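[1] Any chance you can model this:
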Amino acid sequence: MIYWQIFMAFFIPGILGYGGGPASIPLVEKEVVDRYGWMTTQEFGEVLALGNALPGPVATKMAGYIGYTEGGILGSAVALFASVAPSLILMIGLMVTLLKYKDSPKVKNITKMIRPVIAVLLGAMALQFFVTSYETSGTIQTILLIVISYWLLEIRKMHPAYVILMALAYGALTGFF
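    Presented below is the predicted three-dimensional model:
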């Protein structure tokens with residue numbers, strides 16, 4: 001029965017919490033503190049503070065921790081699944097609908113309009129990365145990383161994951177010196 005309660009404690013806020021993790025936190029608190037009494041408001045606030053201090057989505061971190069405290073490893077898995085299940089269900093439903101109407105002229109027009117928006121967003125993100133790299137690492141290292149990355153990706157056809165790992169290693173090494 002505890003696993004069902006854990007599931008419902010995180011599934012319901014996931015459905016009703018429009019706006020992601022931060023919007024669902026008061027709903028999770030209502031379930032965890034008021035409905036099931038697993039924590040006090042003080043304890044919930046401490047879990048929330050810890051969740052905010054760690055990288056990643058706060059709702060899933062809180063779900064994993066609270067699920068673990070109430071139901072062990074299985075409880076943690078149930079809570080994590082319950083916190084992502086609403087988004088997962090909606091995404092699968094959207095994909096089914098999109099595949100059903102993929103030949104529709106309206107759907108084709110939507111995808112044509114989305115591509116330039118994504119390109120602009122990726123370009124803006126790349127420019128922001130360039131500016132940040134330039135400000136923190138300097139001109140020579142920024143140009144060096146761009147040229148070597150281009151060479152590895154386009155000329156050597158290396159997988160991007162390896163290029164990213166090498167850039168991270170380079171950054172770690174230059175950070176020590």
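
[2] Contacts only, for residue 168.
    The contact partners of residue 168, by CB atoms under 8 Å, 6 or more residues apart in numbering, come to none. Glycine gets a C-beta too; all of them are placed from N, C-alpha and C.

[3] Distance of it relative to residue 145?
    Distance, residue 168 to residue 145, using CB to CB, to the nearest Å: 11 Å.

[4] go on, residue 54?
    On the measure of CB to CB, residue 54 and residue 145 end up 28 Å apart.

[5] These two: which is more packed in?
    residue 145 (18 against 10; other CB atoms under 10 Å).

[6] what's the closest non-adjacent residue to the more buried one?
    residue 167 (6.1 Å; CB to CB, 6 or more residues apart in numbering).

[7] from what I can see the one you found touches residue 149, true?
    Yes. Assessed by CB atoms under 8 Å, residue 167 is found in contact with residue 149 at 6.7 Å.

[8] so what does the helix or strand residue 81 falls within touch, helix or strand wise?
    In this assignment (DSSP states H and E), residue 81 forms part of helix 58-100. Applying 3 or more CB pairs under 8 Å, 6 or more residues apart in numbering; DSSP states H and E, one finds that helix 58-100 contacts helix 2-16, helix 21-29, helix 41-53.

[9] continuing past it, what's the next helix or strand?
    Assignment by DSSP H and E places the next element after helix 58-100 at helix 105-137.

[10] Would you mark the buried spots in that following helix?
    Judged by neighbour count using 16 or more other CB atoms under 10 Å, the buried positions of helix 105-137 are 133, 137.

[11] average pLDDT for that helix?
    On average, the pLDDT along helix 105-137 is 84.

[12] Show me what that helix is packed against.
    The helices and strands touching helix 105-137, judged by 3+ CB pairs under 8 Å, 6+ apart, are helix 139-150.

[13] so how far is the helix it packs on off the chain centroid?
    Taking CA atoms, centre = their mean, to the nearest Å, one finds helix 139-150 lying 28 Å from the centre of the chain it belongs to.
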